[in-house]
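Trainee: 3D, please:
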Amino acid sequence: MEAIQNETMYQVLVFSTILAPIVTAVMELIKRSLPRLEPYLALLSVVVGVLLGAAAYPFTVFELTARLWAGGIAGLASTGLITRSSQKTPPPDK
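Mentor: Numbering: from 1, shown residues only. So this is what the prediction gives:
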């Protein structure tokens, strides 16, 4: 791979790392505000990530497609965090 492609991939990964907690926070708000959407949280998380990636136009210098990829990756990461945090853990045995 060329150096330019490596740099773009690096920027996408850094940007998705920055977006992931933001997407998780937005999804937590949606989850608590609209409990009827709980079955669709995974899909909604990716959509919110892509939309936030696209909305970050003033803060980035790379192309729209790279921002959309970063948002999608952040949405997938957020989906894992949301499903992990919403699992009920049984109380410990005494």
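Trainee: so where's the chain shaky on pLDDT?
Mentor: Counting by pLDDT under 70, the chain contains low-confidence residues at 1-5, 81-94.
Trainee: any idea how far Val23 lies from Asn6?
Mentor: Here Val23 is placed at a distance of 25 Å from Asn6 (Cβ to Cβ, to the nearest Å). The way it works is simple: take the backbone N, C-alpha and C, and place the C-beta from them, glycine included.
Trainee: so between those two, which is more surrounded?
Mentor: When neighbours are counted by other Cβ atoms under 10 Å, Val23 and Asn6 differ, and Val23 comes out ahead with 29 against 10.
Trainee: name the nearest residue to that one, sequence neighbours excluded.
Mentor: Nearest residue to Val23 in three dimensions, chain neighbours excluded: Ser78, at 4.1 Å (Cβ to Cβ, 6 or more residues apart in numbering).
Trainee: what's next to the helix or strand harbouring the one you found, contact-wise?
Mentor: Using DSSP states H and E, Ser78 sits within helix 64-86. With Cβ atoms under 8 Å, 6 or more residues apart in numbering as the contact definition, helix 64-86 has outside contacts at 8, 11-13, 15-17, 19-20, 22-24, 27-28, 31, 41-42, 45-54, 56-57, 60.
Trainee: and those residues, which of them are buried?
Mentor: 8, 11-12, 15-16, 19-20, 22-24, 27-28, 31, 41-42, 45-46, 48-50, 52-53, 56, 60 (16 or more other Cβ atoms under 10 Å).
Trainee: so which of the residues you listed are in strands?
Mentor: Nothing among the buried ones among the contacts of helix 64-86 maps onto strands, per DSSP state E.
Trainee: if I pick Phe15, what's in contact with it?
Mentor: Gly53, Ala56, Thr60, Ala66, Arg67, Ala70, Ala74.
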